[in-house]
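**Q** Attaching a predicted model along with its sequence, questions to come.
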Amino acid sequence: MIQTPAETARTAAADAPDKGLRPNAIGLGRIVALGLAAVAPAYSLAVTLGYVVGAVGVHTPAAFLLGFVPILFTALAFRDLNRAMPDCGGVFVWISRALGPVAGWFFGGWVPQVATFIATAALAQVATVYLLAAVGLDAVAENPVAVVSIAVGLIALSAAVAVRGIELAAWVQYALIALQIIAIGGFCVGAFGAMAAGTAPSTGEAPNLGWFNPFALDDPAGLVAGVILCLFIYWGWDALIAVNEETTDRSKTPGRAVVVSTVILLVLYCGASVAALGYGGVDLITADGAIDDVLSVLGPHATGEVFGRVITVAIGLSALAALFTVAVSTPRSWLSMATYRALPAAITRVHPRHRTPSTATWWWAGISAVTIVLLTLISAEFIGLAILAIGLMVAAYYAVTAIAAVVYFAPDLRRNPKQLVIAGILPALGALLMLVAFVASALDMARPEYVGESILGVGTVFWIGVGALVLGVVVTLAVRPAFPEFFGRRTIPVGTVSDDGFVIADSVETVPAAASLTAQNDREVR
């Protein structure tokens with residue numbers, strides 16, 4: 001008999017193995033803060049707004065709206081999948097359950113993790129540079145050795161905070177995300193105040209509702225480019241899924257937080273883009289000295305030197321907040337993968353007092369430190385190029401997650417019209433839009449003139465993005481013999497919402513804090 005979504009959620013919550021994490025530790029407010037912090041809205045807006053304006057001009061708010069559509073549809077898929085299978089492994093578990101272990105390990109494991117490690121290197125570097133600049137140490141910020149050394153220290157700090165417990169990490173994020181919202185909100189107030197007082201630069205343009213109309217733009221190619229840029233600044237909210245086993249009402253709260261956090265991002269981005277365009281206009285925003293960091297340039301002019309310094313600090317702390325969130329989310333993803341026999345069992349070790357995946361967290365810190373050192377040694381600009389390639393990886397695993405939702409809920413879609421729309425049609429549209437974004441991004445990145453860097457006549461960013469995906473296919477196939485239980489579908493049986501048997505085959509004995517797993521030793525996959 002087909003279960004209702006509520007029955008499926010209760011069954012999944014009961015059958016999911018206890019990984020030793022602290023249940024009911026955080027509520028809706030703190031998990032939303034974690035999701036927002038992972039996006040680093042102040043930093044993302046500062047470094048992306050100028051390029052979106054360069055692509056679509058005053059129709060930047062329309063680009064933010066259009067970019068939000070596939071994100072919202074994908075978020076609905078995340079919400080429904082979390083309701084049915086609340087597991088800290090998130091996309092890894094969901095894709096493995098719906099599409100099989102190879103797809104799960106590649107699209108739910110390799111792709112998001114590679115994107116995350118590249119982002120980690122960039123976030124640590126950005127946080128270091130901005131914080132040094134905020135305290136007047138610009139000379140130190142120009143020294144690569146000093147920057148990498150401090151960045152590695154910030155990675156270690158993030159790991160230490162994450163190991164100390166989810167409650168501490170969530171409270172830290174509360175403070176950091178609050179500062180970002182104050183900074184962005186303060187910029188908007190200063191900009192609109194200057195417009196009202198007539199003290200804004202002459203390049204500013206009077207705000208117009210037509211800015212939100214994508215059909216008023218004559219350049220479809222520019223709109224596509226702007227929307228693709230917008231996808232990057234929305235990415236990261238799904239990190240909050242990694243703490244779903246530690247939230248109150250874990251089958252519902254994370255899903256609600258996914259939708260709430262994406263809507264808050266939409267409001268912040270649209271408000272800031274209107275304020276920036278109204279205050280400085282297209283010409284000032286896209287000028288050589290402003291396009292790379294709009295908030296740091298326009299902020300002091302719109303709000304004064306003192307609050308402008310607050311904005312600069314907020315951008316640096318925005319990157320640091322995202323780094324803290326990655327230190328929380330990535331180890332929990334690994335914990336889930338190891339629990340389901342897709343990674344070495346040693347990674348399942350949980351701190352006996354803090355109940356955090358301490359082993360996985362320190363492994364994350366070590367690999368992240370090595371990553372930033374290696375990327376810096378390759379080239380001073382390589383991290384920036386690698387960041388641009390993340391868009392391909394994000395579009396890929398978001399699209400496959402939405403497809404997994406459609407496949408998993410297919411039995412319900414045929415008998416429930418509401419489910420057909422919410423869990424079928426909208427996620428399918430989200431997947432289609434993400435695939436379009438993937439193809440459009442790949443074609444754009446392949447152009448030799450893309451960011452002025454190319455290899456064999458093909459854009460360097462394309463080589464990085466596609467190369468990471470191809471390498472992932474090779475690695476996925478290579479590790480199959482090492483994890484026969486997972487790839488043999490014994491730990492995560494493939495099925496849909498109407499199927500039974502989503503249980504781990506037996507317990508992972510190396511987890512000291514997850515004693516409750518021993519109760520599952522004799523359970524068989526049904």
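**A** Here it is on my side, so go on.
**Q** contacting residues for Ile241?
**A** Residues in contact with Ile241 (C-beta atoms under 8 Å, 6 or more residues apart in numbering) are 78, 82, 88, 90-91, 254, 258, 329. C-beta coordinates here come from the backbone N, C-alpha and C atoms, glycine included.
**Q** again, only using 7 Å
**A** Contact partners of Ile241, counting by C-beta atoms under 7 Å, 6 or more residues apart in numbering, are 78, 82, 90, 254.
**Q** between these, which is closest to Gly366?
**A** If you rank the contacts of Ile241 by distance to Gly366 using C-beta to C-beta, Gly90 comes first, at 22.8 Å.
**Q** Identify the residue spatially nearest to that closest one, adjacent ones excluded.
**A** The shortest distance from Gly90 to any residue that is not its chain neighbour, by C-beta to C-beta, 6 or more residues apart in numbering, is 4.0 Å, and that residue is Ile241.
**Q** go on, Gly50?
**A** Going by C-beta to C-beta, 6+ apart, Gly50 has Ile291 as its nearest residue, at 3.5 Å.
**Q** does that neighbour really touch Gly54, like I thought?
**A** Yes - using C-beta atoms under 7 Å, Ile291 is in contact with Gly54, at 6.4 Å.
**Q** Next secondary structure element downstream of the longest helix seen in the chain?
**A** Of all the elements of type helix in the chain, the one with the most residues (DSSP state H) is helix 305-339. Going down the chain from helix 305-339, the next helix or strand is helix 358-378, by DSSP states H and E.
**Q** Mind listing residues that contact that following helix?
**A** With C-beta under 7 Å, 6+ apart as the test, helix 358-378 has contacts from 117, 120-121, 124-125, 144, 148, 151-152, 155-156, 159, 162-163, 327, 330-331, 334-335, 346-347, 349-351, 382-383, 386.
**Q** Just the buried ones from these?
**A** Under a neighbour-count criterion of 16 or more other C-beta atoms under 10 Å, the subset of the contacts of helix 358-378 counted as buried comprises 117, 120-121, 124-125, 148, 151-152, 155-156, 159, 162-163, 327, 330-331, 334-335, 347, 349-351, 382-383, 386.
**Q** Tell me, please, where in the stretch 51-200 of the chain the pLDDT is lower than the cut-off.
**A** In the prediction, the stretch 51-200 of the chain carries residues with pLDDT under 70 at positions 168-170.
**Q** for the stretch 401-526 of the chain, same thing?
**A** The stretch 401-526 of the chain contains residues with pLDDT under 70 at 500-526.
**Q** Helices of that one, residue ranges please.
**A** Shown for the stretch 401-526 of the chain, the helices assigned by DSSP state H, counting those that start in this stretch span residues 410-413, 417-419, 426-446, 460-479, 484-487.
**Q** most neighbours per residue, which of these?
**A** Mean neighbour count, computed with mean count of other C-beta atoms under 10 Å, is highest for helix 426-446 among the helices of the stretch 401-526 of the chain, reaching a mean of 20.
**Q** Mind putting the helices of the stretch 401-526 of the chain into TSV with distance to Gly35?
**A** Shown next, in TSV, are the helices of the stretch 401-526 of the chain (distance: least, C-beta to C-beta, whole Å):
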stretch	distance to Gly35
helix 410-413	27
helix 417-419	25
helix 426-446	18
helix 460-479	25
helix 484-487	28
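**Q** For the residue nearest to Gly90, give its distance to Pro254.
**A** Counting by C-beta to C-beta, to the nearest Å, the gap from Ile241 to Pro254 is 6 Å.
**Q** what do you get for Asp444?
**A** Counting by C-beta to C-beta, the gap between Asp444 and Pro254 amounts to 33 Å.
**Q** And Thr325, by the same measure?
**A** The span separating Thr325 from Pro254 equals 14 Å under the rule C-beta to C-beta.
**Q** And for Asp238?
**A** If you go by C-beta to C-beta, the gap between Asp238 and Pro254 works out to 10 Å.
**Q** ok so, going back, mean confidence for the longest helix of the chain?
**A** Model confidence over helix 305-339, given as mean pLDDT, is 87.
**Q** by how many degrees do it and helix 358-378 diverge?
**A** 120 degrees (axes from the mean of the first three to the mean of the last three C-alpha atoms, to 10 degrees).
**Q** Report the buried residues of helix 305-339.
**A** Judged by neighbour count (16+ other C-beta under 10 Å), helix 305-339 contains these buried residues: 307-339.
**Q** repeat for stretch 26-33
**A** When neighbours are counted by 16+ other C-beta under 10 Å, the buried residues of stretch 26-33 are found to be 26, 28, 30-33.
**Q** Out of those residues, which comes closest to Glu167?
**A** Using C-beta to C-beta, Ile26 is the member of those that lies nearest Glu167, at 6.7 Å.
**Q** Now the closest one, what are its backbone angles?
**A** Dihedral angles phi and psi of Ile26 (degrees, to the nearest 10) take the values phi -130, psi 150.
**Q** what does the model give it for pLDDT?
**A** 74.
**Q** Make sure it is actually in contact with Asn244.
**A** No - under the contact definition of C-beta under 7 Å, Ile26 does not touch Asn244, with a separation of 10.1 Å.
**Q** Just give the nearest non-adjacent residue to Ala446, would you?
**A** Computed as C-beta to C-beta, 6+ apart, the closest residue to Ala446 that is not its neighbour in sequence is Phe462, at 4.3 Å.
**Q** contacting residues for the one you found?
**A** Residues counted as contacts of Phe462 (C-beta under 7 Å, 6+ apart) are 442, 445-446.
**Q** Buried residues, stretch 378-393. List them.
**A** When neighbours are counted by 16+ other C-beta under 10 Å, the buried residues of stretch 378-393 are found to be 382-393.
**Q** Distance to Gly299, pLDDT and secondary structure added to those, as JSON lines?
**A** Compiled in JSON lines, the buried residues of stretch 378-393 are given as follows (distance: C-beta to C-beta, whole Å; pLDDT from 0 to 100; DSSP: H, G, I helix; E, B strand; the rest coil):
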{"residue": "Phe382", "distance to Gly299": "29", "pLDDT": "74", "secondary structure": "helix"}
{"residue": "Ile383", "distance to Gly299": "24", "pLDDT": "73", "secondary structure": "helix"}
{"residue": "Gly384", "distance to Gly299": "22", "pLDDT": "72", "secondary structure": "helix"}
{"residue": "Leu385", "distance to Gly299": "27", "pLDDT": "76", "secondary structure": "helix"}
{"residue": "Ala386", "distance to Gly299": "27", "pLDDT": "78", "secondary structure": "helix"}
{"residue": "Ile387", "distance to Gly299": "22", "pLDDT": "77", "secondary structure": "helix"}
{"residue": "Leu388", "distance to Gly299": "24", "pLDDT": "77", "secondary structure": "helix"}
{"residue": "Ala389", "distance to Gly299": "29", "pLDDT": "81", "secondary structure": "helix"}
{"residue": "Ile390", "distance to Gly299": "26", "pLDDT": "83", "secondary structure": "helix"}
{"residue": "Gly391", "distance to Gly299": "26", "pLDDT": "81", "secondary structure": "helix"}
{"residue": "Leu392", "distance to Gly299": "31", "pLDDT": "84", "secondary structure": "helix"}
{"residue": "Met393", "distance to Gly299": "31", "pLDDT": "88", "secondary structure": "helix"}
